[in-house]
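Colleague: pasting a predicted model and its sequence here:
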Amino acid sequence: MELSRSDKPPKKDETLWVVSPKGNERLKFIVYSPAVMGVHCHWTGRRTVPCFENHDLCEGGHKDATQKWRGYVHAWAFHLGRQVFVQLTGDACESWWAQLDSGVTLRGQVIEVIRTEKNNGRLTVQVDKYMSREKDKMPQPRDCKLSLFKLWGVKPSIEELRASLCTSTDDIPEAAYNRGVA
């Protein structure tokens, strides 16, 4: 009987967990992203699905009425002890950016993301501190696309993998323009 073996360890899944606090939670993160990665998605009534720049690829068709914007940052989650993507609303991003001077990168900040009482309650971000001296020691920022596909339960086609998620800035908070939304 032969064992299945290999000289090389298996590759890790390239996706990261996507975190958003539940009701009454306060979660701390070290931000690795230099900017928020903003994407549009659609709510189908059952689940969230991606919105693509090529709207022909949107599951169930593109509808402005079901579209919403979410921002994602690559970060270290203190409560999990691992790298994640933090999901933020436009209001949460505005609360974050209101605390920053113009031109300040998000990379290296320690933030606390706070949700009000209900699981779908308001999100806010509070900047705890800025750790500029450790920016070189932090991991390189990662793209959220594959992690979002996994979160949304989407097994993308080759065409969708190559397609760009919709990142139009039509309904992104005004402060986002000064913060380099990616």
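Modeller: Ah, there it is.
Colleague: when you work out contacts or count neighbours from here on, use the C-alpha atoms and nothing else.
Modeller: Fine.
Colleague: now the lengthiest strand in the chain: how far from the chain's centre is it?
Modeller: If each strand of the chain is counted by residues according to DSSP state E, the longest one is strand 67-77. Mean C-alpha position of strand 67-77 versus that of the full chain (Cα atoms, centre = their mean, to the nearest Å) differs by 2 Å.
Colleague: contacts for that strand?
Modeller: Residues outside strand 67-77 that contact it (Cα atoms under 8 Å, 6 or more residues apart in numbering) are 27-33, 35-43, 51, 82-90, 93, 141-144, 171-172.
Colleague: all strands of the chain, in order?
Modeller: Under DSSP E, the chain gives strands at 17-19, 26-31, 37-43, 48-50, 67-77, 82-88, 109-115, 123-130.
Colleague: quick one, the longest one and strand 109-115 angle?
Modeller: Okay, so that is strand 67-77. Between strand 67-77 and strand 109-115, the angle comes out at 130 degrees (axes from the mean of the first three to the mean of the last three Cα atoms, to 10 degrees).
Colleague: direction included, what does strand 67-77 pair against?
Modeller: Applying DSSP bridges, strand 67-77 is found paired with strand 26-31 (antiparallel), strand 37-43 (antiparallel), strand 82-88 (antiparallel).
Colleague: next, the angle from the last one to strand 123-130.
Modeller: To tie it back to what came earlier, the one meant is strand 82-88. Counting by the same axes, to 10 degrees, strand 82-88 lies at 130 degrees to strand 123-130.
Colleague: going forward, begin numbering at 11 instead of 1
Modeller: Okay, residue one is now 11; in that scheme the one you just asked about reads as strand 92-98.
Colleague: sorry, back to before: could you export the strands of the chain as CSV, including mean neighbour count and distance to residue 108?
Modeller: Output for these, formatted as CSV (neighbours: other Cα atoms under 10 Å; distance: least, Cα to Cα, whole Å):
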stretch, mean neighbour count, distance to residue 108
strand 27-29, 17, 22
strand 36-41, 23, 17
strand 47-53, 22, 18
strand 58-60, 21, 28
strand 77-87, 22, 16
strand 92-98, 22, 15
strand 119-125, 21, 13
strand 133-140, 18, 10
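Colleague: between these, which gets nearest to residue 110?
Modeller: strand 133-140 (8.6 Å; Cα to Cα).
Colleague: list of residues touching that closest one?
Modeller: Residues outside strand 133-140 that contact it (Cα under 8 Å, 6+ apart) are 98-99, 101-103, 105-106, 109, 118-126.
Colleague: distance of the residue positioned nearest the centre of the chain from residue 168?
Modeller: Among the residues of the chain, the one closest to the centroid is residue 82, at 1.9 Å (Cα atoms, centre = their mean). According to Cα to Cα, to the nearest Å, residue 82 stands 23 Å off from residue 168.
Colleague: same question for residue 177.
Modeller: Noted for residue 177: a distance of 20 Å to residue 168, by Cα to Cα.
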